[in-house]
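Chemist: Here's my sequence, what's the structure:
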Amino acid sequence: MPLRRRFKAGQARRSREGAAAVEFALVATPFFLLLFSIFQLGLVFMIDAVAENAVLEASRLVRTGEAQTKKFDKAAFKQAVCDQMSVFKSDCADRATIDVRVVTSFSDDIDPPKDKDGVLDLSQMDFKGGVGQDLIIVRLWYKQPMIVPALTQAVSSAGPGQIMISSTTAFRNEPF
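Modeler: Model prediction:
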């Protein structure tokens, strides 16, 4: 009788070998997906904050008339924004799109220009800094690739595996 008990106990012990590995495999996939999602969202929020600050800082050039005095064009203003993007400076020129417009009122319809399919029409972007006392709107769109594809469904998409981060500021030019 004692041999049978030992034998059965040994079988039970042997049948549990590898159980921890199987349990880890079942739990690891959702855990790492959640972990990567948290890191990805943290990166998106950080880029959003940096982009917002870059637009505000570069817009000061338009608001004070410095951009008009130095005869900025769209490329020069985009470079001024990208210079403010700190650690994301290297990819900014390829990923960012800038639009600076004069508006007659802050209640104007200032939707971004879209083509017939409803996609952002980047060819319609312009740089018009205006003159003193003009109302100006400055907009930035920044394409950010995403590692976790499921997260692109919750935000504005810029294509497969990418999201569009946007930043906008509106102001009245100072007299210059």
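Chemist: Do a quick rundown of the strands in the protein.
Modeler: Under the criterion DSSP state E, strands of the chain are mapped to 96-103, 135-145, 162-172.
Chemist: Take the ones you listed and write them to JSON lines, including mean neighbour count.
Modeler: C-beta here means a position set from N, CA and C on the backbone, and glycine is covered the same way. JSON lines is the format used below for these (neighbours: other Cβ atoms under 10 Å):
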{"stretch": "strand 96-103", "mean neighbour count": "19"}
{"stretch": "strand 135-145", "mean neighbour count": "20"}
{"stretch": "strand 162-172", "mean neighbour count": "17"}
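Chemist: Nearest spatial neighbour of Gln68, chain-adjacent residues omitted?
Modeler: Ranked by Cβ to Cβ, 6 or more residues apart in numbering and with sequence neighbours excluded, the top spatial neighbour of Gln68 is Gly129, at 5.0 Å.
Chemist: Distance check, the one you found against Leu33.
Modeler: Applying Cβ to Cβ, to the nearest Å, the value for Gly129 to Leu33 is 45 Å.
Chemist: Between these two, tell me which one has more neighbours.
Modeler: Using other Cβ atoms under 10 Å as the criterion, Gly129 and Leu33 rank with Gly129 on top: 24 against 12.
Chemist: Per-residue pLDDT of the more buried one, please?
Modeler: Per-residue confidence at Gly129 stands at 91 (pLDDT).
Chemist: Lovely, talk soon.
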